[in-house]
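A.B. asks: return a 3D structure for these sequence lines:
(one chain, ligands or ions: 1)
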Amino acid sequence: MIREWDAATYDRVADPQARWGREVVDRLVLRGDERVLDAGCGSGRVTEYLLERLPRGRVIALDVSTTMLEEAGRRLATASGRVDFVLADLGDPLPVEPRVDAVLSTATFHWVPDHDALFRNLAAVLGPGGQLAAQWGGAGNIASIRRVLETIGDGWLGPAHYETPQATRGRLERAGFTDIQAWLQPQPTRFEPGEPFERFLSTVILGPQLARLPASEWEGFVRHVANALPGPEIDYVRLNILARRSESGTTEAGPG
Ligand SMILES: C[S@@+](CC[C@H](N)C(=O)[O-])C[C@H]1O[C@@H](n2cnc3c(N)ncnc32)[C@H](O)[C@@H]1O
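C.D. replies: Here you go, the predicted structure:
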């Protein structure tokens, strides 16, 4: 699904994502001269830290949102000689050449509808033995918010989907990955009540719901969700993976 973001606000409020993202970057084993794909770079906060880990390397900052890529371009301006910005959809074959040494992705894969296609597309641009380190919303993510959404209007939960480690491991194997670790990590996160919490909800979580409403109804919708929750807390559950592309690069035949 192609969707534009309020990238400047995302950049300002997405502190939890930036904090978790650094932990994911630190799971990559790097010499410092590699080429790494940041798949769903957003406004570039995590990309910026990745660049610190690659003093002689390069980053391909890829995203489907032009507003996010523009924001990332501003944030990463001083390092722009070491960054290639790519507008592309992770659900399609990726315009990334030559192959990269590693793929990083944070807070993105739950927005990509077809994970079999996603992992095949990543495997296709990752060199043999290359690392994949990623984190996104996993099974049980934001369950309390989804319970509230079920009670509003037609109960639409949005396009994001939250998968289990078991299903994800199978998809990664079929796409040609090996040495796979996949695990869930509950990350309940508290916010300042009122405007900061509502701003976070509207910018980071409720975008698809708001896109279906006239702007005049946005504030009321977000306030309703915030007030229906037990408190200004989000029951985040992250799905982490670490894997390597198989040395042979072959993928299992099958229905995918
Ligand atoms: C929540 S932001 C995460 C940004 C950044 N990685 C971080 O951790 O802060 C999710 C990003 O994924 C991008 N995205 C969603 N679906 C995508 C797709 N199919 N292909 C490429 N990027 C996608 C969005 O445009 C957005 O920039």
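A.B. asks: quick one: name the residues of this protein near the ligand.
C.D. replies: Neighbours of the ligand within the chain, by C-beta under 6 Å from any ligand atom: 5, 14, 17-18, 21, 40-42, 45-46, 63-65, 68, 89-91, 106-108, 111-112. Backbone N, C-alpha and C define where each C-beta goes, glycine included.
A.B. asks: from these, which land in helices?
C.D. replies: Gln17, Ala18, Gly21, Arg45, Val46, Met68 (DSSP state H).
A.B. asks: out of those, who has the most neighbours?
C.D. replies: Ranked by neighbour count (other C-beta atoms under 10 Å), these have Val46 at the top, with 27 neighbours.
A.B. asks: count the residues that sit near the closest residue to Ala39 other than its chain neighbours.
C.D. replies: Leaving aside its chain neighbours, Ala39 sits nearest to Ser105 (4.0 Å; criterion: C-beta to C-beta, 6 or more residues apart in numbering). When neighbours are defined as other C-beta under 10 Å, Ser105 has 25 of them.
A.B. asks: how about the nearest residue to whichever residue of the stretch 1-150 of the chain sits closest to the ligand, chain neighbours excluded?
C.D. replies: Residue nearest to the ligand within the stretch 1-150 of the chain: Gly42 (2.3 Å; C-beta to the nearest ligand atom). Leaving aside its sequence neighbours, Gly42 sits nearest to Met68 (C-beta to C-beta, 6+ apart; 5.0 Å).
A.B. asks: now Ala18
C.D. replies: Nearest one to Ala18, counting by C-beta to C-beta, 6+ apart, is Arg45 at 4.4 Å.
A.B. asks: residues in contact with that neighbour?
C.D. replies: Neighbouring residues of Arg45 by C-beta atoms under 8 Å, 6 or more residues apart in numbering: Asp11, Ala14, Gln17, Ala18, Gly21, Arg75.
A.B. asks: likewise Pro165?
C.D. replies: So Pro165 contacts Gly138, Ala139, Ala182, Trp183, Leu184, Leu239, Ile241 (C-beta under 8 Å, 6+ apart).
A.B. asks: ok, which pair from those is furthest apart?
C.D. replies: The most widely separated members of these, counting by C-beta to C-beta, are Ala139 and Ile241 (13.3 Å).
A.B. asks: so for the two, which sits in the more crowded spot?
C.D. replies: Ranked by neighbour count (other C-beta under 10 Å), Ala139 and Ile241 place Ile241 first, with 24 against 16.
A.B. asks: which pLDDT does the model give the more buried one?
C.D. replies: We note a pLDDT of 98 for Ile241 in this prediction.
A.B. asks: right, and Arg190 touches Glu233 too?
C.D. replies: Yes: under the criterion of C-beta atoms under 8 Å, Arg190 makes contact with Glu233 at 4.9 Å.
A.B. asks: chain neighbours aside, what residue packs nearest to the most centrally placed residue in the chain?
C.D. replies: Closest to where the C-alpha atoms of the chain average out (C-alpha atoms, centre = their mean) is Thr108, at 1.7 Å. Ranked by C-beta to C-beta, 6+ apart and with sequence neighbours excluded, the top spatial neighbour of Thr108 is Gly40, at 2.8 Å.
A.B. asks: now the stretch 1-150 of the chain, which segments are flagged as low pLDDT?
C.D. replies: Along the stretch 1-150 of the chain, the model assigns pLDDT under 70 to residues 1-2.
A.B. asks: need the strands for it, in chain order.
C.D. replies: 35-39, 58-63, 83-87, 100-106, 126-137 (DSSP state E, counting those that start in this stretch).
A.B. asks: ok, residues contacting stretch 105-113?
C.D. replies: Counting by C-beta under 8 Å, 6+ apart, 1, 3, 14, 17, 20-21, 24, 38-40, 42, 46, 90-91, 115, 118, 132-138, 141, 159-163, 239 sit against stretch 105-113.
A.B. asks: among those, which ones are buried?
C.D. replies: 14, 17, 20-21, 24, 38-40, 42, 46, 90-91, 115, 118, 132-138, 141, 160-163, 239 (16 or more other C-beta atoms under 10 Å).
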